[in-house]
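Trainee: how would this look folded up:
(chains A and B)
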Amino acid sequence: KAGVTQTPRYLIKTRGQQVTLSCSPISGHRSVSWYQQTPGQGLQFLFEYFSETQRNKGNFPGRFSGRQFSNSRSEMNVSTLELGDSALYLCASSPHRDRGTTNEKLFFGSGTQLSVL
Amino acid sequence: QQQVKQSPQSLIVQKGGISIINCAYENTAFDYFPWYQQFPGKGPALLIAIRPDVSEKKEGRFTISFNKSAKQFSLHIMDSQPGDSATYFCAALWRGGTSYGKLTFGQGTILTVHP
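Mentor: Presented below is the predicted three-dimensional model:
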């Protein structure tokens, strides 16, 4: 089975621009979560989508948004980029069980390294 | 209350030594505590996990010790190897009435094992 795929791998943008990152979960996984990783803050939860609906949200400003498509692929968008948005953005998917999807085990992609100049 | 505090930030251990990373939490509603391992250029991967009704879980050279009363848990890596050099994250799951919950991660510990 292919793992979680994130594109692009690296991205350089300037302040004020917007950016869209893409994530393809493991086949059969319906939950997709997004995290921001920075050296000082560790992994900060952005949001989670399940069956095209956002069901969890972290404490990030409205400039950060996401969506999920019917094939479970997900995108996140950051508008009006700021220097502090430079980070590794990680996508993770989790499997669906009969009792429902659990986030006990997340499968992470390798991330998109975003640099804002 | 949703925070998980991890220490130390970085750790240097000699090959064959024991690596110990500690985490503390406040929210007693957390009910699942995994550890993730991340190598450079890769995303984190689940290493080992424990539930609060168990005080210790061992998988190979990796052991989680859990102290429910102190609201602390730790990862012990026995016979540390250079290949264990990575960033380690503790995490805690809060379900908030749902079946799926939300993982909160610690800040991470960069482990370096010298040969």
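Trainee: So which helix or strand of chain B has the lowest pLDDT on average?
Mentor: For chain B, the helix or strand with the lowest mean confidence is strand B:102-105, at a mean of 90 (criterion: mean pLDDT, DSSP states H and E).
Trainee: now chain A
Mentor: strand A:53-57 (a mean of 89).
Trainee: For the helix or strand containing A:Gln113, buried residues please.
Mentor: When elements are assigned from DSSP states H and E, A:Gln113 belongs to strand A:112-116. Neighbour-count burial for strand A:112-116 flags A:Thr112, A:Gln113, A:Leu114, A:Val116 (criterion: 16 or more other C-beta atoms under 10 Å in any protein chain shown). Every residue, glycine included, has its C-beta placed from N, CA and C.
Trainee: re earlier: how distant is the least confident helix or strand of chain B from the center of its chain?
Mentor: With C-alpha atoms, centre = their mean, to the nearest Å as the basis, strand B:102-105 stands 12 Å off its chain's centre.
Trainee: Which residues of chain A lie near chain B?
Mentor: By C-beta under 8 Å from any C-beta of the partner chain, the residues of chain A that approach chain B are A:4, A:31, A:33, A:35, A:40-45, A:48, A:50, A:55-56, A:90, A:92, A:94, A:99-111.
Trainee: And the next helix or strand past the least confident helix or strand of chain B?
Mentor: The element immediately downstream of strand B:102-105 (helix or strand, assigned by DSSP H and E) is strand B:109-114.
Trainee: So what touches that next one?
Mentor: B:6-15, B:17, B:19, B:21, B:77, B:80-89 (C-beta atoms under 8 Å, 6 or more residues apart in numbering or on different chains).
Trainee: so B:Leu93 makes contact with B:Asn27?
Mentor: No: with contacts counted by C-beta atoms under 8 Å, B:Leu93 stays clear of B:Asn27, the gap being 10.3 Å.
Trainee: Near chain A, list only the ones from the contacts of strand B:109-114.
Mentor: B:Gln6, B:Phe89.
Trainee: May I see the ChimeraX selection of the buried members of the contacts of strand B:109-114?
Mentor: Buried residues among the contacts of strand B:109-114 (16+ other C-beta under 10 Å), as a ChimeraX selection:
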select /B:6,11,13,19,21,77,80,84,85,86,87,88,89
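Trainee: In strands, which of the contacts of strand B:109-114 appear?
Mentor: Members of the contacts of strand B:109-114 lying in strands (criterion: DSSP state E): B:6-7, B:10-14, B:19, B:21, B:77, B:86-89.
Trainee: Among these, give me the pair with the biggest separation.
Mentor: Farthest apart among the ones in strands among the contacts of strand B:109-114 by C-beta to C-beta are B:Gln14 and B:Phe89. That separation is 23.1 Å.
Trainee: follow-up on the earlier one: just put the ones in strands among the contacts of strand B:109-114 in JSON lines and tack on pLDDT.
Mentor: Below are the ones in strands among the contacts of strand B:109-114 laid out as JSON lines (pLDDT from 0 to 100):
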{"residue": "B:Gln6", "pLDDT": "96"}
{"residue": "B:Ser7", "pLDDT": "96"}
{"residue": "B:Ser10", "pLDDT": "96"}
{"residue": "B:Leu11", "pLDDT": "97"}
{"residue": "B:Ile12", "pLDDT": "98"}
{"residue": "B:Val13", "pLDDT": "98"}
{"residue": "B:Gln14", "pLDDT": "98"}
{"residue": "B:Ser19", "pLDDT": "98"}
{"residue": "B:Ile21", "pLDDT": "98"}
{"residue": "B:Ile77", "pLDDT": "98"}
{"residue": "B:Ala86", "pLDDT": "98"}
{"residue": "B:Thr87", "pLDDT": "97"}
{"residue": "B:Tyr88", "pLDDT": "98"}
{"residue": "B:Phe89", "pLDDT": "97"}
